[in-house]
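S.K.: Below: sequence and its predicted model.
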Amino acid sequence: MSGSLLLARRNLAGNRVRFLVSVGGVALALSLTLALDAIYAGVANQMTTYVDRSGADVWVAQAGVRNLHMVASSLPDSVTDEVRVVSGVAAVTPILEATDTIAAGDERAVAYVIGLPADAAMGGPWNVVEGSDRVGPGETIVDRGFARKARVTLGDRVTLLGGEATIVGLSEGTASLLNSVAFVSLDDFRMMRGGARAISFVLVKVVPGAVGEAVAGEIGRTVPGVTAQTSAEFASQERRLVMDMSADVISIMNAIGFVVGLAVVALTVYVATLARRREFGVLKALGARNVVLYRVVLVQAVLSIAAGLLVALAFTGLLALVVPRLGLNLELSIGAASLAKVGLFAAVIAGLAAILPIRQVAGVDPAVVFKTGAAA
Amino acid sequence: MTALTLDVRDVTKRFGAGETAVQAVRGVSLAVASGEVVLIMGPSGSGKTTLLSMMGALLKPTDGSIHLDGTAISELSESRLSDIRLRQFGFIFQDFNLLSALSVLENVAIVAELAGHKGRAARANATTLLTELGLGDRLDFLPEKLSGGEKQRVAIARALINDPTLILADEPTANLDSKIGHEIMRLLRAIAKDQGRSVVIVSHDQRIRDIADRVLWLEDGAFKDFVTMATDPVCGMSVERERAVSADRDGETFFFCSRGCREEFLGRLRSDGRGDGRGLPALIRATTAALSRHSSRGSSHHEGAK
């Protein structure tokens, strides 16, 4: 094996430009797949940040509602008290939620607007960096990123839910690529939406020692017209929705990345093999079996792919570090599944890329050694 | 009696079929003994390379058989032949055919590794062999940094690394200058005589006849009566002595492509006022003198050892 490895390494290193083009092409192709996966995973993570940081163990929604994004949940006010008395429930917080546009001056942004009761134990902002973490009548807490873009600060007014509110707090970690979270009082929310005595969700804290799934199951059985899920299930549904919405885009980009990577490596290994066709003939004449030569070609493909994969990982890792610092509200999350997928891609590309050159080597006539031509 | 190494029996090689078929080698037989140096000469297109390819198990004969130490190698599968090429044959080529990406040492060691030697042992053997061939200070050089003679010595080391029975050399001195060519020739003879290996050389180089035990003439795919070539001292053309027009002067025979050249030659001598040939240019004298040592020996297929 060492001879094959040595020859493969030297063949690749013999033409550095070709090798770098190959590695660059593979890195680009795999980065495309890896970065896109990371962006979507990051967006999915951001989309569930509110659910994850709400402090609730169980989310109670209108029957059939299993996530926050692109759905509306409406429950009678009375559900809060019905849930409160279920066995295993320690505390409840009713919230109102709507996806709306928040505006200040010329700046407009989509936001989850959350209506919070004055005594909310859950569901409020978790990282207020300026001002108050409680909202009263006519007040709002908005994301600092939005405030910066809109050039507003504490005491300024913004428009949301068809009315106006004064900024009393600025939070961090409440913005994603798609939207941010703004908080108003429950009463203001109701008033702005016509005053109906309804709520969107009931957030539940379970008693110490109780299991979230069990409590959610009990709520589902005893309170009619609701769907109760643990926060983890609720967030998982949210992530799945985002990934389902982006599945086609990801599949297309994966396919493009795969084809580009395959084309680049196949072409490079093929050209490298073609350039050394005579030398493969020499090795055959000297007694090397075909399998040894196939191994040289395969190792060349694998080395190109491995180097490209490493560069792609480094590049995507660097992106994941740099992008959040650019104020883009974008998070790149490189998951194990994504790494496994790209690794599998790379292995398949290496295998496929070697097929054509291997056929080329199989067809080399060892008697080529007796033909005069350029040789070392 | 000397042990037989290679036995080529009535071998024919045809390329193509039907009316377009070309018979490159026709019913050739040849036996090569251990330690023997056989030189095969002949004009371009005479079938020398095809015959060498068949002897080296790179090409299967259409008819006839080839035996190496008693084994009919012409009947073996490609996988068995690979093994035989690796362990029994050593190849030396006109273009050296070194692997350009590998160093001198690696070029030799990789062939040992192919034969199953471990990396360290293969490198140690290769180092010893290359040092014996005077390349000890060139081990890490790439082939492109070597002279022609050095490249050919690397190729010889590569041919010897697996201790082969038979060395097959295709025009081994063609790309080398006269001095280096002689050096390579001496080396090939030493390989045969000191190590007992058989050496078969295909070449146009007349100088190699000096080291050959037998010289064979291949023409139109078959061994023919040996034809000795000479250079016309007037026009410089190569001519077959047996068919050429000749002139004798003071015990030396000169060969010409035509009567015209002979008349011009004789005319020059007369105009010099000397009929002894001393007026000939030194180069012509040297050439003819060298050639005159290889006089034709009747109609036998080969010349005997010098």
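M.R.: Ah, there it is. Numbering: from 1, shown residues only, chains lettered A, B, ... in the order given.
S.K.: Run the chain-centre distance for the helix or strand where A:L303 lies.
M.R.: Per DSSP states H and E: A:L303 is located in helix A:290-322. Computed by C-alpha atoms, centre = their mean, to the nearest Å, the chain-centroid distance of helix A:290-322 equals 24 Å.
S.K.: Is it in proximity to chain B?
M.R.: Yes: using C-beta under 8 Å from any C-beta of the partner chain, we find that helix A:290-322 touches chain B at A:V292. Where C-beta positions appear, they are placed from N, C-alpha and C, glycine not excepted.
S.K.: Buried residues in the following helix or strand past that helix, which are they?
M.R.: Following helix A:290-322 in sequence order, the next helix or strand is helix A:336-362 (DSSP H and E). Of the residues in helix A:336-362, A:338-339, A:342, A:345-346, A:349-350, A:353-358, A:360-361 count as buried by neighbour count, 16 or more other C-beta atoms under 10 Å in any protein chain shown.
S.K.: Quick one: list the elements packing against helix A:336-362.
M.R.: On a contact count with 3 or more C-beta pairs under 8 Å, 6 or more residues apart in numbering or on different chains; DSSP states H and E, helix A:336-362 meets helix A:16-47, helix A:231-275, helix A:277-286, helix A:290-322.
S.K.: taking the ones you listed together, which one is wrapped up most tightly?
M.R.: Across those, averaging neighbours per residue (mean count of other C-beta atoms under 10 Å in any protein chain shown) puts helix A:277-286 on top, at a mean of 24.
S.K.: who does that helix touch, helix- and strand-wise?
M.R.: By 3+ C-beta pairs under 8 Å, 6+ apart, helix A:277-286 packs against helix A:290-322, helix A:336-362, helix B:78-87, helix B:104-114.
S.K.: Tell me if the third one is near chain A.
M.R.: Think helix B:78-87. Yes: counting by C-beta under 8 Å from any C-beta, chain A is contacted by helix B:78-87 at B:79, B:82-87.
S.K.: Only the buried residues of that helix, if you could.
M.R.: For helix B:78-87, using 16+ other C-beta under 10 Å, the buried residues are B:81-87.
S.K.: Which residue ranges of the stretch 51-200 of chain A form helices?
M.R.: A:79-84, A:144-150, A:186-192 (DSSP state H, counting those that start in this stretch).
S.K.: Looking at the ones you listed, spot the one closest to B:A190.
M.R.: Nearest of those to B:A190, taken as C-beta to C-beta: helix A:144-150 at 84.3 Å.
S.K.: residues from chain B in reach of chain A?
M.R.: Selection of chain B residues close to chain A by C-beta under 8 Å from any C-beta yields B:49, B:52-53, B:56, B:58-59, B:79, B:82-87, B:89, B:91, B:93-102, B:106, B:109-111, B:113-115, B:119, B:142-144, B:151, B:158, B:170.
S.K.: Just the buried subset of the residues you listed, please.
M.R.: B:49, B:52-53, B:56, B:58-59, B:82-87, B:89, B:91, B:93-102, B:106, B:109-111, B:113-115, B:142-143, B:151, B:158, B:170.
S.K.: thinking again about what came up before, just put the helices and strands packed on helix A:277-286 in JSON lines and tack on mean pLDDT and distance to A:G194.
M.R.: Below are those laid out as JSON lines (pLDDT from 0 to 100; distance: least, C-beta to C-beta, whole Å):
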{"stretch": "helix A:290-322", "mean pLDDT": "89", "distance to A:G194": "44"}
{"stretch": "helix A:336-362", "mean pLDDT": "84", "distance to A:G194": "45"}
{"stretch": "helix B:78-87", "mean pLDDT": "89", "distance to A:G194": "86"}
{"stretch": "helix B:104-114", "mean pLDDT": "94", "distance to A:G194": "84"}
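S.K.: Looking at those helices, spot the one closest to A:A90.
M.R.: Among the helices and strands packed on helix A:277-286, helix A:336-362 sits nearest to A:A90 (C-beta to C-beta), with 34.5 Å.
S.K.: Report the angle between that closest one and helix A:277-286.
M.R.: Angle, helix A:336-362 to helix A:277-286, by axes from the mean of the first three to the mean of the last three C-alpha atoms, to 10 degrees: 70 degrees.
S.K.: B:G149: neighbouring residues, count only.
M.R.: When neighbours are defined as other C-beta atoms under 10 Å in any protein chain shown, B:G149 has 18 of them.
S.K.: Near the closest residue in space to it that isn't next to it in sequence, how many other residues are there?
M.R.: With C-beta to C-beta, 6 or more residues apart in numbering or on different chains as the measure, B:I180 is the residue that lies nearest to B:G149, at 3.5 Å, once sequence neighbours are left out. As a burial measure, B:I180 scores 17 neighbours (other C-beta under 10 Å).
S.K.: Count the residues that sit near whichever residue of the stretch 151-300 of chain A sits closest to chain B.
M.R.: Using C-beta to the nearest C-beta, the single residue of the stretch 151-300 of chain A nearest to chain B is A:G287, 2.6 Å away. Neighbour count of A:G287, defined by other C-beta under 10 Å: 24.
S.K.: Could you pull up the contacting residues of it?
M.R.: Counting by C-beta atoms under 8 Å, 6 or more residues apart in numbering or on different chains, A:G287 makes contact with B:82-87, B:89, B:111, B:114-115.
S.K.: and if you look at B:A159?
M.R.: Per C-beta under 8 Å, 6+ apart, neighbours of B:A159: B:90-92, B:167.
S.K.: you'd agree it is in a helix?
M.R.: Yes: B:A159 forms part of a helix when assessed by DSSP: H, G, I helix; E, B strand; the rest coil.
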